[in-house]
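Q: sharing a sequence plus its predicted fold:
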Amino acid sequence: AACAECHSDVVDLRAQARHKGIACESCHGPLATHAADPGQMTTKLPDARPLCVHCHAANTGKTKRYPTVDIKEHAGDESCISCHKPHNPKLS
């Protein structure tokens, strides 16, 4: 809710996306200081690749409906956000 006050465009985008159930701070880290004073940026934008890999690397423990990829085969050394939008990860 605190993020939506200033970032409604992102909230609207995520509402229609597969990442809608993921809290902002899961990727962006703790931002209470930023929410209290938007001029205070307490974290950098995250490096997408390690975040994406954490959840989407092929893993036999995940259900078949969960999107996983062999990272090297899928993207090589490219950043995930060179093809995917982080808030709505369908191909851009």
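A: Sure thing, it's come through. Residues are numbered from 1 along each chain as shown.

Q: how many other residues sit next to residue 89?
A: The tally of other residues near residue 89 (other Cβ atoms under 10 Å) stands at 18. Heads up, the C-betas are built off the backbone N, CA and C, glycines and all.

Q: for stretch 1-18, how far is the first residue from the last?
A: Here the two ends of stretch 1-18 are set 19 Å apart, with distance taken as Cα to Cα, to the nearest Å.

Q: wait, I meant stretch 55-69
A: 10 Å.

Q: next one: that stretch to chain centre, how far?
A: From the chain centre to the centre of stretch 55-69 is a distance of 16 Å (Cα atoms, centre = their mean, to the nearest Å).

Q: please point out which parts of that stretch sit buried.
A: Judged by neighbour count (16 or more other Cβ atoms under 10 Å), stretch 55-69 contains these buried residues: residue 56.

Q: got it, and stretch 9-16?
A: Within stretch 9-16, the residues that qualify as buried by neighbour count (16+ other Cβ under 10 Å) are 11, 13, 14.

Q: so, low pLDDT: which residues of the chain?
A: Low-confidence segments of the chain, defined by pLDDT under 70, span residues 42-44, 91-92.

Q: can you show me the helices along it?
A: If you assign secondary structure with DSSP state H, the helices in the chain sit at 8-15, 24-28, 32-36, 48-56, 71-75.

Q: hmm, back to that, save the buried residues of stretch 9-16 as TSV, and put in distance to residue 86 too.
A: Compiled in TSV, the buried residues of stretch 9-16 are given as follows (distance: Cβ to Cβ, whole Å):
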residue	distance to residue 86
11	14
13	10
14	10
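
Q: kindly indicate which of these lies nearest residue 40.
A: Lowest distance from residue 40 to the buried residues of stretch 9-16 (Cβ to Cβ) belongs to residue 11, with 20.4 Å.
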